[in-house]
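**Student:** requesting a structural model of the entry that follows:
(2 chains)
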Amino acid sequence: NAGVTQTPKFQVLKTGQSMTLQCAQDMNHEYMSWYRQDPGMGLRLIHYSVGAGITDQGEVPNGYNVSRSTTEDFPLRLLSAAPSQTSVYFCASSRTGTGGSWYGYTFGSGTRLTVV
Amino acid sequence: TQLLEQSPQFLSIQEGENLTVYCNSSSVFSSLQWYRQEPGEGPVLLVTVVTGGEVKKLKRLTFQFGDARKDSSLHITAAQPGDTGLYLCAGGGTSGSRLTFGEGTQLTVNP
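**Tutor:** Predicted coordinates for the structure are as follows:
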């Protein structure tokens, strides 16, 4: 299994440009999330989804949009890039098991975004 | 917003030493996880603890969830250079849809 695949791995944008960070998982996980990681701030939740067609905002959603039309894909759209969005972005997926137990997140390898 | 504080932020030790990393919050979490992250990669799940007072062992790593489910610790015995990495704790609810991460502890084990 490929797990969680993120593309691109690196991206440089100019202020005001838009782009989509792609995320795909092949594990049939119902939960998917987007995090950003900045030095000294850990990982902060941007948006998450509990299933196809269902999304919700996380801690830092401003400037980002998401949609989940299929179980496998969860793209993150930057509407108008700003230097404050320079960060490493991680997509993650997870599932519940029997009896409501939870298996924890599988993370992609990240997209390193620089906005100049 | 639920906050998780990790300490220490940085830890540099010699091979063979023992260490403990702490993760504390004023909030109660239904579950708490520990991840390890290497440079250029995403975090990798080490363990999930869900019961207050729970202790889990993974080879030389021992994880404990506080009785009140507000804190956790990670103890490494006889650290090895391969243990070097960023250790992150993360707290969440039973569904796992939202996780709150601590800032991480950067561990360096010198040979």
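
**Student:** ok and the residue in chain B nearest chain A?
**Tutor:** Closest approach between chain B and chain A, counting by C-beta to the nearest C-beta: residue B:42, at 3.1 Å. Yep, even glycine has a C-beta here, placed from its N, CA and C like the rest.

**Student:** which strands and helices sit next to the helix or strand hosting residue A:88?
**Tutor:** Assigned by DSSP states H and E, residue A:88 belongs to strand A:87-94. Here strand A:87-94 touches strand A:4-7, strand A:19-25, strand A:31-37, strand A:106-107, strand A:111-115, going by 3 or more C-beta pairs under 8 Å, 6 or more residues apart in numbering or on different chains; DSSP states H and E.

**Student:** so what touches the second one?
**Tutor:** By C-beta atoms under 8 Å, 6 or more residues apart in numbering or on different chains, the residues outside strand A:19-25 that reach it are A:3-8, A:11, A:13, A:32, A:34, A:72-78, A:81, A:89, A:91, A:93, A:106, A:108, A:111, A:113.

**Student:** find the closest residue to chain B in chain A.
**Tutor:** Closest point on chain A to chain B, by C-beta to the nearest C-beta, is residue A:107, at 3.1 Å.

**Student:** the closest residue to residue A:31 other than its chain neighbours: how many residues sit nearby?
**Tutor:** Once flanking residues are discounted, residue A:31 sits nearest to residue A:94: 4.5 Å by C-beta to C-beta, 6 or more residues apart in numbering or on different chains. By other C-beta atoms under 10 Å in any protein chain shown, 23 other residues sit near residue A:94.

**Student:** ok so, going back, buried only: go through the contacts of strand A:19-25 for me.
**Tutor:** For these, a burial check counting by 16 or more other C-beta atoms under 10 Å in any protein chain shown picks out A:4, A:6, A:11, A:13, A:32, A:34, A:72, A:74-76, A:78, A:81, A:89, A:91, A:93, A:106, A:108, A:111, A:113.
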